[in-house]
Every structure is written in structure tokens, then in C-alpha cells.
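Student: What follows is a predicted protein model with its sequence.
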Amino acid sequence: MVAPAYFAAVSSKRFPTALITGASGGIGYELARCFARDGWGLALVARDKAKLDKVADELRKLGSPLVTVMAKDLAELESPDEIFQATERAGLQIDALVNNAGFGWRGDFVKQDLDDILDMVQVNIVALTHLTRLYLPQMVARKSGRILNVASTAAFQPGPLLSEYYATKSFVLFLSEGLYEELRGTGVTVTCLCPGATHTGFAARAAMTDSKLFKAGAADARKVAEAGYRAMRKGKAVVITGFVNRLVAQSVRLGPRWLVRKITKWISE
């Protein structure tokens with residue numbers, strides 16, 4: 001059963017459960033498919049209730065023993081607390097937290113709407129950090145748990161025309177790597193998934209479908225999700241999908257900063 005405003009109560013049978021944000025499409029949806037295929041219970045979060053319900057029906061057929069949904073906008077400050085409280089009331093033990101929700105805008109920072117910028121920071125950084133801090137203590141106490149944070153190859157360099165987006169993804173990467181070391185030996189791991197351009201709804205929302213980055217080609221969301229899921233299950237710290245993306249992510253550390261900035265701006269145009 002799926003409750004309209006809160007997560008459904010868990011059945012008496014125990015199975016691992018994953019909470020996934022941004023689960024109604026793109027990489028989040030494909031990650032949910034990975035978990036469902038392996039028999040995980042799922043708590044799905046996204047803004048669109050109708051899309052979530054459709055996804056939930058599909059994932060039940062795929063093999064998930066419990067799929068429950070919550071329509072929440074992570075741009076709202078209170079959403080992480082409400083999500084946590086809902087899982088607590090429903091008796092859901094979250095064994096894996098997948099912080100996938102995020103978005104970006106292309107354009108000059110000075111011309112962008114301030115509320116849009118602050119919403120991006122709230123979703124990409126604050127909500128991710130908030131949810132991690134809420135669920136992590138329980139995982140540490142159980143000496144078992146997985147956290148998968150979805151960043152981007154944008155995390156490895158500054159990004160003119162998407163300055164705040166690149167900055168948010170750098171935060172996600174550095175937070176994830178720092179926590180990975182802090183948690184060593186606790187039975188809990190944090191994995192950061194860093195894909196390059198990927199076929200999701202991101203490009204359309206960010207007004208980037210005509211950019212050189214996406215015109216050059218984008219990865220399949222299912223393949224990206226599979227790579228992230230495998231890395232999370234193995235307890236890896238960072239996974240960069242695609243050979244070219246791995247090469248670029250490493251090369252920016254060697255190139256002059258002025259050149260990295262110029263190239264990044266050029267591919268975003």
C-alpha cells in the first residue's frame with residue numbers, strides 16, 4: 001500500500017531498504033531499478049507524485065518487496081526532516097541512502113534569478129547534507145550502511161556559465177570523500193558517483209541541449225546507474241563513469257587553471 005502523504009508501514013519480513021531522492025526519472029530512476037532487481041525495499045522521493053506512483057508500480061513488478069513514495073520538493077528547507085520523520089513513523093530501516101536529486105542552470109551568474117540559485121544550493125548541497133546527517137548515525141550504530149551521493153565530473157573543475165552548479169558538485173565530492181575516510185572501519189561507506197553528460201532531464205532543465213558538451217554525446221543513464229550501484233555495493237569511495245571522463249577529470253589537475261576555466265566555459269557554450 002502507498003500512503004498519500006507518508007511512507008507506508010513496513011511489513012514484518014525484513015529486507016534491505018534504500019531511500020532514493022530524485023527517483024522519478026534519469027539516474028535516480030535507473031538506480032531504483034538496480035535495487036529493485038536485487039530485492040531491496042524502496043522509499044522513493046521526488047516532486048511529482050504521479051510519476052512516482054508509476055515508477056513504484058514498475059519496480060514492484062521488477063521484484064522489489066516494498067515500494068513506497070513521498071512527493072517532496074527538496075528545495076523546501078523542512079523536507080529532509082519530514083522525510084526522516086516519515087520513515088521513522090513507518091518503521092523503515094534505511095540501509096542505503098541515495099542522494100541523487102539535483103539540478104543546474106546555464107547562464108551568467110549575475111543574470112540568474114537569486115531564488116533559483118538558492119534553490120539549487122538547497123537541493124544540491126543542503127538537503128543532501130541534511131539527509132546524510134539524519135540517517136548516518138543509525139547506520140553507524142548498526143555498523144552497516146551505504147550512502148551513494150551523485151555528483152558529476154563538474155566536481156573536478158570550476159565551470160563558467162554554470163559556476164554555482166559546478167561548485168555544488170565539488171562540495172558533494174569533497175564531503176563524500178571526507179566522510180569515506182571518517183567512517184573507515186565502521187561498516188558504513190560513502191560512495192560518490194561522478195558521471196559526465198548523461199541522457200536525463202538535466203540538459204533540458206539547465207538549457208544545455210544545444211551546448212557543445214551535450215552535442216558531443218551523452219552517456220546512457222542506465223549504464224551510469226549500474227556503475228554507481230556496483231561501486232556502492234563494493235564500498236568504493238569515488239566512481240567516474242566513462243574512460244574519457246576519467247581522463248578529463250585527472251587531466252584538469254595537471255593543466256594551468258586559466259586554461260581549465262577557458263575550456264570548461266567553451267564546452268558549456
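Tutor: On my side now, so go ahead.

Student: Below-threshold pLDDT in the stretch 101-250 of the chain: ranges please.
Tutor: Along the stretch 101-250 of the chain, the parts satisfying pLDDT under 70 run over 202-217.

Student: ok, the residue nearest to Ser144 when sequence neighbours are not counted - contacts?
Tutor: Excluding the flanking residues, the one nearest Ser144 by CB to CB, 6 or more residues apart in numbering is Gly187, at 4.9 Å. For the C-beta atoms, the positions are set from N, CA and C on the backbone; glycine is no exception. Gly187 makes contact with 139-140, 142-145 under the criterion CB atoms under 8 Å, 6 or more residues apart in numbering.

Student: Now do the helices in this structure.
Tutor: All helices of the chain, identified by DSSP state H, fall at 26-37, 49-62, 79-90, 114-121, 128-142, 163-182, 202-205, 212-215, 221-234, 243-251, 257-268.

Student: tilt between the longest one and helix 257-268?
Tutor: Looking back up the chat, that one is helix 163-182. Orientation of helix 163-182 against helix 257-268 (axes from the mean of the first three to the mean of the last three CA atoms, to 10 degrees) gives an angle of 120 degrees.

Student: how about helix 163-182: buried residues?
Tutor: 163-173, 175-177, 179-180 (16 or more other CB atoms under 10 Å).

Student: which one among those gets closest to Thr153?
Tutor: For these, the minimum distance to Thr153 (CB to CB) is 8.4 Å, reached by Lys169.

Student: Could I get the contacting residues of the closest one?
Tutor: Contacts for Lys169 (CB under 8 Å, 6+ apart) come out as 102, 124, 151-152, 154-155.

Student: out of those residues, which one sits closest to Val239?
Tutor: Nearest to Val239 among the contacts of Lys169 is Ala151, at 10.1 Å by CB to CB.

Student: State the distance from the closest residue to that closest one other than its chain neighbours to Val123.
Tutor: Distances taken as CB to CB, 6+ apart put Val172 closest to Ala151, at 4.1 Å, once the chain neighbours are dropped. Counting by CB to CB, to the nearest Å, the separation of Val172 from Val123 is 11 Å.
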